[in-house]
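Trainee: Next come a sequence and a model predicted from it.
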Amino acid sequence: MNKTDKIYIAGHRGLVGSAIQRNLISQGYENIITQPHSELDLISQNDVDDFFAKAKPDYVFLAAAKVGGIRANSKYPADFIYQNMLIGFNIVNAAYKHKVKKLLNLGSSCIYPKMASQPLKEEYLLTGALESTNDAYAIAKIAVIKLCSAMNKQYGTNFISVMPANLYGPGDTYDIKNGHVLPSMIQKFHHAKISGTDSVTLWGDGSPYREFLFNEDLACAVVHLMQNMDAADIGEFINIGSGKDQTIKELAELVRQVVYTDAPQRECAITWDTSKPNGTPRKLLDVSRLNALGWRAETPLREGIIKAYEAFCEKK
């Protein structure tokens, strides 16, 4: 990418898109194209085609998606599969029709089978049943990966797909009911601290293992790939993660420590609601292929949670 190339970020206000935009600006890219949802409905193929015809982007980061945690995925599966499939299909198809030089599609580690061997290698895709609490979202993401791959094969496009670990950081959505696990924990512990509540309730039994990646690290990785790698180098898709995981119990303790740093005399108990689902037992990505291409995550989990909590407090 040249500094003056037109770069469209779909989903620029989200956790991932905002981090990509900050990264590009810090590197001196001058022609970043963004469009808020109020002005561009990504579910409409006509609207997306019209936008691409007028904007004529050279490069595209596909970071737009309908996202949520276990509760949201379980409650709104039709919305998750329908909206995410249309968003992905519309943007990828428009990128092909309007001759985009390169597109980078962001997926999710939930695409892997629930009981796949750990760590998760790229070749494990579609080798077993998906986790039922988020299979609608996973199917939509898999379909977009396959469309990018098919476009490359049939039309010679240069469309890359990446599969990040669980993401967190500045710009996250802090929704106790429908959000992802780490930002929901931050919200719950913060509310307990300021309200004087002496306990929080978390879903499941805390035993599942999860890997987390700071969103600024992800932005660094995808910009690195967009600058240096083509679809032929990547293959169908490539994992992006820290290569480290911990139990949800360990995560909860770490978040509690960070939130209560300025109130060490306070105690906040954790109650585990075992009537709620745990989700997949473990999701650790094999990032050996990415490491071989010259990139490794840099932000330790505790440091990232501190930054995420600071950003959360600034929004309050």
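Mentor: Yep, that arrived. Numbers count the residues shown, from 1 in each chain.
Trainee: Distance of the closest residue to residue 255 other than its chain neighbours relative to residue 249?
Mentor: For residue 255, ignoring the flanking residues on the chain, the nearest one in space by Cβ to Cβ, 6 or more residues apart in numbering is residue 185 at 4.5 Å. C-beta coordinates here come from the backbone N, C-alpha and C atoms, glycine included. Distance, residue 185 to residue 249, by Cβ to Cβ, to the nearest Å: 11 Å.
Trainee: From the chain's centroid, how far away is the helix or strand where residue 47 lies?
Mentor: Assigned by DSSP states H and E, residue 47 belongs to helix 45-55. Distance of helix 45-55 from the chain centroid (Cα atoms, centre = their mean, to the nearest Å) equals 25 Å.
Trainee: Dump that helix to PDB, restricted to CA.
Mentor: C-alpha atoms of helix 45-55 as PDB (Å, rounded to 0.1, in the frame of the first residue of the first chain):
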ATOM      1  CA  GLN A  45     -26.000  -4.900  -2.100                       C
ATOM      2  CA  ASN A  46     -27.200  -1.900  -4.100                       C
ATOM      3  CA  ASP A  47     -26.100   0.600  -1.500                       C
ATOM      4  CA  VAL A  48     -22.700  -1.100  -1.200                       C
ATOM      5  CA  ASP A  49     -22.200  -1.300  -5.000                       C
ATOM      6  CA  ASP A  50     -23.100   2.400  -5.300                       C
ATOM      7  CA  PHE A  51     -20.600   3.300  -2.600                       C
ATOM      8  CA  PHE A  52     -17.800   1.300  -4.200                       C
ATOM      9  CA  ALA A  53     -18.500   2.800  -7.600                       C
ATOM     10  CA  LYS A  54     -18.200   6.400  -6.100                       C
ATOM     11  CA  ALA A  55     -15.400   5.800  -3.600                       C
END
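Trainee: That helix packs against which elements?
Mentor: helix 77-97 (3 or more Cβ pairs under 8 Å, 6 or more residues apart in numbering; DSSP states H and E).
Trainee: Which secondary structure elements does whatever helix or strand comes next after the helix it packs on sit against?
Mentor: Downstream of helix 77-97, the first helix or strand assigned by DSSP H and E is strand 102-106. Secondary-structure packing of strand 102-106 (3+ Cβ pairs under 8 Å, 6+ apart): strand 59-62, helix 77-97, helix 135-155, strand 159-164, helix 215-228.
Trainee: hang on, the earlier thing: show me the contacts for the residue nearest to residue 255.
Mentor: 200, 202, 251-252, 255 (Cβ atoms under 8 Å, 6 or more residues apart in numbering).
Trainee: List buried residues within the residues you listed.
Mentor: By neighbour count, with 16 or more other Cβ atoms under 10 Å, those hold 200, 202, 251-252, 255 as buried.
Trainee: My guess is residue 113 contacts residue 127. True?
Mentor: Yes: the pair residue 113 / residue 127 is scored as a contact, 5.7 Å apart, by Cβ atoms under 8 Å.
Trainee: quick one: residue 48 and residue 297, what's the gap?
Mentor: From residue 48 to residue 297 the distance is 32 Å (Cβ to Cβ).
Trainee: same thing with residue 208?
Mentor: 21 Å.
Trainee: quick one: which of these two has more around it?
Mentor: residue 297 (25 against 19; other Cβ atoms under 10 Å).
Trainee: residues touching that one, list them.
Mentor: 213-214, 217, 221, 241-243, 287.
Trainee: I'd like to check which residues are in contact with residue 226.
Mentor: Here residue 226 is in contact with 1, 59, 61, 102, 104, 160 (Cβ under 8 Å, 6+ apart).
Trainee: Same check on residue 67?
Mentor: Taking Cβ under 8 Å, 6+ apart as the test, what residue 67 contacts is 14, 137, 173, 180.
Trainee: Same check on residue 136?
Mentor: Counted by Cβ under 8 Å, 6+ apart, residue 136 has contacts 73, 77-78, 80-81.
Trainee: could you measure it against residue 216, distance?
Mentor: 29 Å.
Trainee: What of residue 186?
Mentor: 17 Å.
Trainee: Among the two, which residue is more densely surrounded?
Mentor: Neighbours were counted for residue 186 and for residue 216 using other Cβ under 10 Å; residue 186 has more, 25 against 21.
Trainee: would you say that one is within a strand?
Mentor: No: Residue 186 is assigned helix when assessed by DSSP: H, G, I helix; E, B strand; the rest coil, not a strand.
Trainee: dump the residue contacts of it.
Mentor: Contacts of residue 186 (Cβ under 8 Å, 6+ apart): 174, 255, 259, 305, 308-309, 312.
Trainee: mind checking the SS state of residue 201?
Mentor: Residue 201 is classified as strand under three-state DSSP.
Trainee: residue contacts, it?
Mentor: Applying Cβ under 8 Å, 6+ apart, the residues near residue 201 are 188, 270-273.
Trainee: Any idea what it is bridged to?
Mentor: Applying DSSP bridges to residue 201 gives these bridge partners: residue 271.
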